[in-house]
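**Q** Sequence plus the predicted model coming up.
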Amino acid sequence: KMVDLFAGCGGLSLGLEQSGFTPWFVNEIVEQFCNTYKANHSLSDRHYYVGDINELNKHLDDYNDLLTDITLVCGGPPCQGFSMANRQRIIDDPRNNLYKAYLYFLSKIRPKFFIMENVKGMSNKIKEIEENFKEYLGDEYQFDYALLRAQDYGVPQNRERFILIGNRVGVEPKL
């Protein structure tokens, strides 16, 4: 079972579905994007939370029955302030802290694995991000990150993405 946070229309999860993961719970703040996701999946409305992840985090108990035994949480929290393409970067842009809401979600749901995808510029804050991971997840998770070039994977784009992948300590992937 896979949880897709900051899901948009489902682009990140599409590749994960093609790799064998099953979408189980979806969070997206923009209703139109979520409706596109819904049109492409057969999940009931209860498996969707349309709204701010910070509000979802306040109501996780309402979803206890759905958010147990989760294999993977994926998501790309908006971080426009870190984007190298954003010529008017705002260091204190509130969207830069949405990854902390992602970490809070991880700390409560405790999936076996997680993937966080973001803009290349986020790698410039890796020391702070590592500290935040430690603060929210303690020693329960291990993770690593890399900058990946989309064109190296057959995507017709010339852009790099920051990818962070982690697992709960003691949980080994099944190959």
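**A** Yep, it's here.
**Q** Please enumerate the strands of this structure.
**A** 2-5, 23-28, 48-50, 72-75, 113-119, 141-149, 160-168 (DSSP state E).
**Q** same for the lowest-mean-pLDDT helix or strand in the chain, what does it pack against?
**A** One helix or strand of the chain scores below all others by mean pLDDT, DSSP states H and E: helix 11-18, with a mean of 88. On a contact count with 3 or more Cβ pairs under 8 Å, 6 or more residues apart in numbering; DSSP states H and E, helix 11-18 meets strand 2-5, strand 23-28, strand 72-75, strand 113-119. C-beta here means a position set from N, CA and C on the backbone, and glycine is covered the same way.
**Q** Just say which of those strands is most tucked in.
**A** For the helices and strands packed on helix 11-18, the largest average neighbour count (mean count of other Cβ atoms under 10 Å) is found in strand 2-5, namely a mean of 26.
**Q** The residue nearest the centre of the chain bridge partners, please.
**A** Residue closest to the mean C-alpha point of the chain, counted by Cα atoms, centre = their mean, is residue 75 at 1.7 Å. On the basis of DSSP bridges, residue 75 is bridged to residue 5, residue 116.
**Q** Quick check, it in contact with residue 10.
**A** No. Using Cβ atoms under 8 Å, residue 75 makes no contact with residue 10, being 11.7 Å away.
**Q** Need the residues touching each of those two.
**A** Common contacts of residue 75 and residue 10, defined by Cβ atoms under 8 Å, 6 or more residues apart in numbering, comprise residue 4.
**Q** I'd like to know which of the helices and strands packed on helix 11-18 is closest to residue 66.
**A** Closest approach to residue 66 among these (Cβ to Cβ): strand 23-28, 5.4 Å.
**Q** same for the closest one, what does it pack against?
**A** Helices and strands touching strand 23-28, by 3+ Cβ pairs under 8 Å, 6+ apart, are strand 2-5, helix 11-18, helix 31-39, strand 48-50.
**Q** Return the most buried member of these.
**A** strand 2-5 (a mean of 26).
**Q** ok, residue 62 - how many residues close by?
**A** Other residues within reach of residue 62, judged by other Cβ atoms under 10 Å, total 12.
**Q** Enumerate every residue touching residue 40.
**A** 9, 10.
**Q** coming back round to it: mean pLDDT and distance to residue 16 for the helices and strands packed on helix 11-18 - can I get that in CSV?
**A** As requested, the helices and strands packed on helix 11-18 are exported to CSV (pLDDT from 0 to 100; distance: least, Cβ to Cβ, whole Å):
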stretch, mean pLDDT, distance to residue 16
strand 2-5, 97, 6
strand 23-28, 97, 8
strand 72-75, 96, 6
strand 113-119, 93, 8
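**Q** who wins for proximity to residue 130 among the strands of the chain?
**A** Closest approach to residue 130 among those (Cβ to Cβ): strand 141-149, 8.6 Å.
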